[in-house]
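> need a 3D model of the sequence below.
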Amino acid sequence: FFFFQMDTTPESYLDLFPLDAIVYLTPDSENVLEDIDPKKVYILGGLVDESIHKKLTLQRAQDQSLQTARLPIREYMVKTTNTKNYHSETLAINQVFDVLSTYYKTRSWPAALKAGVSSGKGYVLPSAVN
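So this is what the prediction gives:
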């Protein structure tokens, strides 16, 4: 059984945690998240919008002088052929949370990515390719 405590506050994460402890997760980062460090605070950037604004979360993190990382989708998954030729590493916040919590439990990126990245994103695990 897994339990996560969540608190809400009007305060900014910038006021609550040291800058060097914060890692802003953004699909546009050049840094790959290789492991979860329990001493770090991971920010799941999210937009309430129907369109994807490239590099918006990366720019926000850079403006705040924060470390950034992206999920290792390219490292563990392959692009699948689909009718729309659609491939996206941008996930909803709940999908990112599913990936992180599954990775934390299993220590397996393939298992974690399978749990959070739907095939509709255009990526699958190599074992799923026929």
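> quick check: buried residues in the lengthiest helix in the chain?
Longest helix in the chain, counting residues (DSSP state H): helix 93-106. Neighbour-count burial for helix 93-106 flags 95-96, 98-103 (criterion: 16 or more other Cβ atoms under 10 Å). All C-beta atoms are positioned from the backbone trio N, CA, C, and that covers glycine.
> the helix or strand following that helix to helix 93-106, inter-axis angle?
Remark: after helix 93-106, the chain's next helix or strand is helix 109-116, criterion DSSP states H and E. Helix 109-116 runs at 150 degrees relative to helix 93-106, counting by axes from the mean of the first three to the mean of the last three Cα atoms, to 10 degrees.
> quick one: contacts of helix 109-116?
71-73, 75-77, 91, 95-100, 102-103, 106, 123, 125, 127 (Cβ atoms under 8 Å, 6 or more residues apart in numbering).
> for stretch 85-99, same thing?
With Cβ under 8 Å, 6+ apart as the criterion, stretch 85-99 contacts 25, 27, 44, 46, 52, 70-71, 73-74, 79, 112-113, 115-118, 120-123.
> if we use 10 Å, what do you get?
Residues outside stretch 85-99 that contact it (Cβ atoms under 10 Å, 6 or more residues apart in numbering): 4, 25-28, 33, 42, 44-48, 52-54, 57, 70-74, 77, 79-80, 109, 111-118, 120-123.
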